[in-house]
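Novice: need a structure here:
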Amino acid sequence: MERCAPLSVVLIAAAFFASAGALTAAPVGAPSDFIRSSCRVTQYPRLCERCLSTYKLPIRRSPRGVALAALSVSVDKARAALAFARRTSAGARSREAGAVKDCVETMQDSVDQLRQSVAEMGRLGRARSPRFAWHLSNVQTWVSAALTDADTCLDSVSQNAGPVIRAAIRKRVVEVAQVTSVALALVNRIDPKT
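Specialist: As a prediction, this is how the structure comes out:
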């Protein structure tokens, strides 16, 4: 079962949506044409549609709004994977415990970078300003780093964890990597000049 977004992420997202203008939402479970067309640019369009059409808050019909929603989904998935890895490390044998501990550390970094990215989206300000471009670049860098952290976690458990723990963590971290890839693709669609 999916966990609720942390309060800070929800508040930042709500503040962004409130300051950004009118909100539009698709019926729960049915991707709107806007979501469908936005998701086409991603490597995982069906995953993108599924995640965004069940998103808890209305999605503003703009590249910024859809990117923010995708980042919030990434934070939720990364937090859930991190919590699972922490629980798993408690029951792991010594060699596995080291691999899972490394995974926990990199997934914590991933969560931190994704949260930072959500907050930075709220600082974008007006397009065409140097400040906008700088904040957008920060988001792109941090989301990319979060993807690298997920890959590092996978490498650690792939090399040193047993098959049961490896498969369980891999399932969750691959999903994090995929939704984070979606978020990065949508962030990259934001044009700092418009």
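
Novice: residues contacting Cys39?
Specialist: Pro31, Pro45, Arg46, Cys48, Glu49, Leu52, Val182 (C-beta atoms under 8 Å, 6 or more residues apart in numbering). For the C-beta atoms, the positions are set from N, CA and C on the backbone; glycine is no exception.

Novice: number of nearby residues for the third one?
Specialist: Residue crowding around Arg46 was assessed by other C-beta atoms under 10 Å; the count is 10.

Novice: quick one: least confident of the contacts of Cys39?
Specialist: Among these, Pro31 carries the weakest pLDDT, at 63.

Novice: what stretches of this protein score poorly on pLDDT?
Specialist: Within the chain, the segments meeting pLDDT under 70 span 1-31, 194.

Novice: of the contacts of Cys39, closest to Thr88?
Specialist: Distances from Thr88 to those, taken as C-beta to C-beta, are shortest for Val182 (25.2 Å).

Novice: follow-up on the earlier one: if any of the contacts of Cys39 are buried, put those into a PyMOL selection.
Specialist: A single PyMOL command selects the buried members of the contacts of Cys39 (16 or more other C-beta atoms under 10 Å):
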select buried, resi 31+45+48+49+52+182
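
Novice: Val75 reaches Val111, doesn't it?
Specialist: Yes - Val75 is within contact range of Val111, at 6.7 Å (criterion: C-beta atoms under 8 Å).

Novice: settle it for me: which of those two has more neighbours?
Specialist: Neighbours were counted for Val75 and for Val111 using other C-beta under 10 Å; Val75 has more, 29 against 24.

Novice: that one in helix, strand or coil?
Specialist: helix (DSSP: H, G, I helix; E, B strand; the rest coil).

Novice: how about the nearest residue to Gln43, chain neighbours excluded?
Specialist: Sequence neighbours aside, Ser181 is the residue nearest to Gln43 in space, at 5.5 Å (criterion: C-beta to C-beta, 6 or more residues apart in numbering).

Novice: who touches the residue nearest the centre of the chain in this structure?
Specialist: Central residue of the chain (C-alpha atoms, centre = their mean): Ser74, 1.8 Å from the mean position. For Ser74, the contact set (C-beta under 8 Å, 6+ apart) comprises Leu114, Val143, Ala146, Val176, Val179, Thr180, Val182, Ala183.

Novice: so where do the strands sit in the chain?
Specialist: Counting by DSSP state E, the chain has no strands at all.

Novice: hmm, back to that, out of the contacts of Ser74, the closest to Val104 would be?
Specialist: Val176 (13.1 Å).

Novice: got the contact list for the closest one?
Specialist: If you count contacts by C-beta under 8 Å, 6+ apart, Val176 has them with Ser74, Lys77, Ala78, Ala81, Met107, Ser110, Ala150.

Novice: from the residues you listed, which two are the most distant?
Specialist: Ser74 and Met107 (12.0 Å).
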